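Colleague: Give me a 3D structure for the following:
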Amino acid sequence: MFEPVVNSVFSLDIVVHAVVFIGALVALFCYLTQKDPRIYKHLKEINGPLAWPFVGNALALLGPHENIIPTIMGWVKIHGPTFSAWIGNIPYVIVADAFSVEKILSSNTHINKGKDYEQFLINWLGTGLLVARREKWFHRRKLLTPTFHFKILEDFLPIFNTNAQILTAVLEKQLQQTDSFDICPFISRCTMDIICETAMGEKINAQIGGEEEYVKMVAGMTDILLIKGITPWYRNEYIWNMTNLGKMETKYLKAMHDFTDRMIRYRKSDRKRKSISERRSSNASVTNENPEGQKIRRAFLDLLLDVQENDAQFTDADIREEVDTFMFEGHDTTGANLEWAILMLACNPKCQKLAYEEIQNVFGNDTERDITTADLKELKYLECCIKETLRIYPSVPFFMRRMDQDCVLDEHRTIPKGSTVIISAYILHRQEDVFPDPEKFDPERFFVENAAGRHPYSYIPFSAGPRNCIGQKFALMEEKIVLATLLRKFKLEPVDTEKTVRPLPDVILRPKAGLKVRLVSRE
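Modeller: Predicted structure coming up:
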């Protein structure tokens, strides 16, 4: 006879606990989503899309990822190139006019990256050069700058050439099956082979059936980080770690770190087997000669291990975060730009013809000779093609800075301390007063006479100012060699076009569904 009462009490208890729990969640959510009144006051001076309570503008960015850029460009049309937006209670100011960009990027005050870098990348890249805060960044940049000396980059040319030639051989084999296919996996494996050999001194031979899991994991991680970044409730680590995506992130991170750690251990062990005299090079070169008189090429990892020998505070963890950073930035960004450049040249045959004629003037009909530093200097039109590709499709479409001090844009607008600035190269590079007909592929924009007088911060594919990309010369050398090697062997024809390919703004700007082209052998 007491069972119904017990059941009713039990049911009531569940209801009470549920109400309390839901109320606590609502209270916590309200607390977490309340806006800083000082920041809110200043951001009212900067136009932007209507932000909804609790979620801000996040709902507009949810859905298919390829819709993010059209949504943002729609805001630009309404509010101009500089506007404010909110993800939950987190304020952002999107900046894409050259004068405002210069104020921020040229400053040593606004040197720290946005908090999103720390929240989303620190588990992967640690606090290496990309993520590090002011003091560590200054120290680490000074430490690493010599490793990107021109002479060191020059010694990497054989690696660029060899892997570019392997790429053309693999593509020739692919042509025996079909003349049109998705070029992206081939480019990704090529840049992966290059970065592994230059960064870690190890050949993984991803292009010819070797290890390519790292390539897949990097692509998966960037997809995961985009979802995490635009979904307010995923910013809570407790909630995130309970999701399948959070568990997948943990799995990817472990595998990628194991890969890097394995390479570091192997390299350190290899160095111990060699005498100091065998591996020590001059200050100007990364190569030395072994007892047989053959050159020993040294990798980025070797240079970091040299630093460790002279600085006991430079730990294996420090080495890993810099190698991981270099692997990420040197593989993914370079690969994406090569893919976009192939699309641009395929869709613009007149430009491709001019680039090929320039290549023929340098090499004649010799399709096998390695490309030298002197050759690279002669490939000026090809370099303009690469620069124009980076204008339309910047590999990194957004950079972030955390405002540690107020930044006065003009007498009416101030970006308040505590907010995050998103500097958009994608929007900046489409300002019609600087780049007329901005969607048109026109390499002549970067002829010396045409670029003269252009605002120096109107074109920033590698960021700009003191915290610009340390590896930009490395990237341009690699891209010129790979593209020149491809064009010496093949004519590029479009299957996908600029109108059918949708850019996907993960951490890196990449084609959403790959990129199909047709290759025609020149032989």
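
Colleague: pLDDT wise, what is residue 315 at?
Modeller: In this model, residue 315 is scored at 90, pLDDT.

Colleague: Distance-wise, check it relative to residue 160.
Modeller: Using CB to CB, to the nearest Å, we find residue 315 at a distance of 31 Å from residue 160. For every residue, glycine as well, the C-beta is placed using N, CA and C.

Colleague: Residue 329 and residue 114: what is the separation?
Modeller: Between residue 329 and residue 114 the computed distance is 17 Å (CB to CB).

Colleague: Tell me which helix or strand comes right after the helix or strand containing residue 152.
Modeller: Here residue 152 sits within helix 150-154, counting by DSSP states H and E. Using DSSP H and E, the helix or strand that follows helix 150-154 in sequence is helix 157-175.

Colleague: That next one packs against which elements?
Modeller: When contacts are defined as 3 or more CB pairs under 8 Å, 6 or more residues apart in numbering; DSSP states H and E, helix 157-175 sits against helix 184-200, helix 472-489, strand 516-521.

Colleague: Single out the most deeply packed of the ones you listed.
Modeller: Mean neighbours per residue, mean count of other CB atoms under 10 Å, is largest over those for helix 184-200, with a mean of 24.

Colleague: That one: how far from the chain's middle?
Modeller: A distance of 15 Å separates the centroid of the chain from that of helix 184-200, by CA atoms, centre = their mean, to the nearest Å.

Colleague: which outside residues touch the helix or strand just after that helix?
Modeller: Proceeding N to C from helix 184-200, the next assigned helix or strand is helix 213-230, under DSSP H and E. For helix 213-230, the external contacting residues (CB atoms under 8 Å, 6 or more residues apart in numbering) are 58, 61-62, 65, 68, 87, 116, 120-121, 124, 188-189, 192, 204, 206, 234-235, 240, 245, 248-249, 252-253, 255-256, 259, 327-328, 331-332, 505-508.

Colleague: how far does helix 213-230 sit from the chain's center?
Modeller: 12 Å.

Colleague: buried set for it?
Modeller: For helix 213-230, the neighbour count (16 or more other CB atoms under 10 Å) marks 214-215, 217-226, 228-230 as buried.

Colleague: Can you tell me which of the residues you listed is nearest residue 397?
Modeller: residue 226 (11.4 Å; CB to CB).

Colleague: From residue 244, how far out is that closest one?
Modeller: Distance of residue 226 to residue 244, computed by CB to CB: 16 Å.

Colleague: do residue 256 as well
Modeller: Relative to residue 244, residue 256 is positioned 18 Å away (CB to CB).

Colleague: And the two? Which one has more around it.
Modeller: Applying other CB atoms under 10 Å to residue 256 and residue 244 shows that residue 256 carries more neighbours, namely 21 against 7.

Colleague: any idea which element that one lies in?
Modeller: helix 244-272.

Colleague: Measure how that helix sits relative to helix 184-200, angle-wise.
Modeller: 40 degrees (axes from the mean of the first three to the mean of the last three CA atoms, to 10 degrees).

Colleague: So which residues of the stretch 401-523 of the chain form helices?
Modeller: Per DSSP state H, counting those that start in this stretch, the stretch 401-523 of the chain carries helices over the ranges 425-428, 448-451, 472-489.

Colleague: Quick one: closest of those to residue 174.
Modeller: helix 472-489 (12.3 Å).
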